[in-house]
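>>> could you work out the structure for the sequence below:
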Amino acid sequence: MLEGARSEAGQFEAAHQQYEAEQVIPAREQHELHQGEAAQHELDRGEPQHEPDRGEPQHELDRGEAQHEPDHGKAAGGDAAQHDPGQGEAAGQIAVQGEPEYHQPLPVTEEPPQVRNTNAANHPSPDHDSQQADTIRRIAVTMSTAAALGFSYALTRTATGWPGINHGPGSVLDPAASLLGVYPWIWLAWIPVLTGAAAYAALQWIPSQRSNPRRVWNGPISAGSAVVAAIWLWAVQSGNPAGAFWSAALGTGIGLAAIHISNTWPVESRTEKATVDLPAKVLLGASTIALLTGLGSWLTALETDIASWGPVAWALIALVATVIGITTVSMTDRGHLAAALTAVVGLSGIGFTRLLSEQNSIPVAAGAFVGAFLILVSAGSRRHQVDHAQRRRQREWLRAEASVRAGGEAPEAVHT
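Now for the predicted structure:
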């Protein structure tokens with residue numbers, strides 16, 4: 001019997017360890033369930049119920065203290081000890097342990113609580129960040145363009161309401177102020193720049209522009225063109241040759257950046273070409289002529305004669321540098337005719353001004369005309385070269401497709 005009791009105790013210990021390993025039902029509810037089962041079990045056996053401390057689980061009683069209470073052992077195993085001492089001793093040991101016989105609880109299957117994913121709320125997706133950045137950029141482009149247009153009109157507004165530019169005697173744009181001065185009708189080139197900026201400010205809100213890979217650069221270039229035009233108009237209207245020179249230099253930089261982007265990412269639509277590329281190329285040509293005029297007016301106002309070469313020599317040096325720069329630009333892509341033609345008109349204006357104004361100079365006029373001719377030839381030849389190469393590739397493709405069809409092969413074979 002002692003061995004049977006020990007076997008029961010071992011089975012109970014194994015069941016109890018399995019229960020503690022699972023921990024499915026909360027500890028307090030399991031504790032109350034065990035207490036009710038233990039009380040019912042002891043009532044059925046006629047044994048006194050051992051109440052453990054409410055703060056501790058019943059199975060956590062100190063076994064050492066329970067072994068020092070022989071009365072409980074005797075009470076639990078007294079009847080059995082009268083018939084069989086061994087059986088009474090075994091039953092007494094089980095009762096002394098104070099461990100009720102627990103039934104193994106049925107497994108309870110509970111769905112794990114769904115953890116709310118707050119990462120998406122705290123950290124927006126990259127698409128959301130990109131859309132937000134695009135919206136901020138469009139708003140900034142629209143506001144800066146509108147401010148530049150309003151400021152430009154306020155600077156050039158005349159008594160009749162039409163815009164006009166200051167080109168009187170002693171002004172920055174005075175044709176006779178320097179050897180690089182030009183007639184004021186040349187500055188009508190700023191109108192396409194401002195018009196293109198206004199058109200793109202409206203075009204960028206069209207949903208189809210949201211997937212345009214050039215949208216990151218088109219907006220800043222367009223708005224920057226309008227802002228540069230406004231700054232340059234302020235400088236010439238206020239009689240500030242240094243401001244006119246540096247604003248023209250900034251416009252030249254923006255125009256070169258636009259040319260680089262146009263060569264790297266070609267235009268996808270005619271609308272984008274008319275609102276972004278053409279105004280930016282006109283900006284490059286107009287800023288280059290404004291750079292020449294501002295430099296000549298600035299140096300003349302300072303009465304500067306570097307190396308004592310005289311104004312004619314420095315005017316020719318400036319013209320040669322301008323021609324080299326515009327020619328280099330014209331030899332890329334398909335010639336960038338908009339920039340080339342703007343520069344040609346500006347240089348031709350300088351040439352005519354030197355022939356017809358009070359401060360005339362035959363060498364400077366000749367240099368301006370020659371430079372305009374070289375730019376026009378280089379841009380035209382580049383355009384012809386690119387178009388001819390494209391037409392030749394098309395003819396070769398058509399000839400290859402015709403030969404494939406004549407051989408009885410599938411027409412699609414030529415594409416591979």
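>>> show me the strands in the stretch 151-300 of the chain, by range?
For the stretch 151-300 of the chain, strands defined by DSSP state E, counting those that start in this stretch do not occur.
>>> please, where are all the helices along it?
For the stretch 151-300 of the chain, helices defined by DSSP state H, counting those that start in this stretch occupy the ranges 190-203, 215-237, 241-264, 270-272, 278-302.
>>> lowest average pLDDT across these?
With a mean of 85, helix 270-272 has the lowest mean pLDDT of those.
>>> buried ones in it, by neighbour count?
residue 272 (16 or more other Cβ atoms under 10 Å). Where you see a C-beta, it was placed from the backbone N, CA and C, and this is true even at glycine.
>>> wait, which of the helices of the stretch 151-300 of the chain is closest to residue 367?
helix 278-302 (11.5 Å; Cβ to Cβ).
>>> hang on, residue 338 packs against residue 278?
Yes - applying Cβ atoms under 8 Å, one finds residue 338 in contact with residue 278, separated by 5.0 Å.
>>> hmm, back to that, pick the most deeply packed of the helices of the stretch 151-300 of the chain.
helix 278-302 (a mean of 25; mean count of other Cβ atoms under 10 Å).
>>> what's the very next helix or strand once past it in contact with?
Scanning forward in sequence from helix 278-302 by DSSP states H and E, the next helix or strand is helix 311-330. Contact with helix 311-330 is made by 178-180, 256, 259, 284-285, 288, 291-292, 295-296, 299-300, 305-306, 336-337, 339-340, 343, 347, 350, 361, 363-364, 367-368, 371, 374-375, 378-379, 382, as judged by Cβ atoms under 8 Å, 6 or more residues apart in numbering.
>>> give me the mean pLDDT for helix 311-330.
91.
>>> compute the inter-axis angle for that helix and helix 241-264.
20 degrees (axes from the mean of the first three to the mean of the last three Cα atoms, to 10 degrees).
>>> low pLDDT regions in this structure?
Applying pLDDT under 70 to the chain flags residues 1-129, 211, 407-416.
>>> need the longest helix for it.
Secondary structure of the chain read by DSSP state H shows that its longest helix is helix 362-406.
>>> what's it packed up against?
Packing partners of helix 362-406 (3 or more Cβ pairs under 8 Å, 6 or more residues apart in numbering; DSSP states H and E): helix 311-330, helix 337-356.
>>> helix 241-264 and the last one, what's the angle between them?
Here helix 337-356 runs at 150 degrees with respect to helix 241-264, directions being taken by the same axes, to 10 degrees.
>>> was I right to think residue 232 contacts residue 251?
Yes - in this structure, residue 232 is within contact of residue 251 by Cβ under 8 Å, at 6.8 Å.
>>> common neighbours of those two, please.
287, 290.
>>> what is the neighbour count of the residue lying closest to residue 219 once chain neighbours are set aside?
Nearest residue to residue 219, sequence neighbours excluded (Cβ to Cβ, 6 or more residues apart in numbering): residue 141, at 4.0 Å. Residues lying near residue 141 (other Cβ atoms under 10 Å) number 23.
>>> now do the same contact list for residue 141.
Residue 141 touches 200, 201, 204, 219, 220, 222, 223, counting by Cβ under 8 Å, 6+ apart.
>>> so what's the closest residue to the second one other than its chain neighbours up against?
Computed as Cβ to Cβ, 6+ apart, the closest residue to residue 201 that is not its neighbour in sequence is residue 145, at 4.3 Å. Remark: with contacts taken as Cβ under 8 Å, 6+ apart, residue 145 is in contact with 197, 198, 200, 201, 222, 223, 226.
>>> any idea how far the last one lies from residue 187?
Okay, so that is residue 226. Going from residue 226 to residue 187 by Cβ to Cβ, to the nearest Å gives 15 Å.
>>> about what we covered before: could you dump the helices of the stretch 151-300 of the chain to CSV with distance to residue 355?
Listed next are the helices of the stretch 151-300 of the chain as CSV, based on distance: least, Cβ to Cβ, whole Å:
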stretch, distance to residue 355
helix 190-203, 25
helix 215-237, 23
helix 241-264, 24
helix 270-272, 39
helix 278-302, 16
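>>> closest one to residue 130 among these?
Of all the helices of the stretch 151-300 of the chain, helix 215-237 comes closest under Cβ to Cβ, at 10.0 Å.
>>> which other helices and strands does that closest one contact?
helix 126-156, helix 190-203, helix 241-264, helix 278-302.
>>> got CSV for those, with distance to residue 213 too?
Shown next, in CSV, are the helices and strands packed on helix 215-237 (distance: least, Cβ to Cβ, whole Å):
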stretch, distance to residue 213
helix 126-156, 12
helix 190-203, 16
helix 241-264, 10
helix 278-302, 17
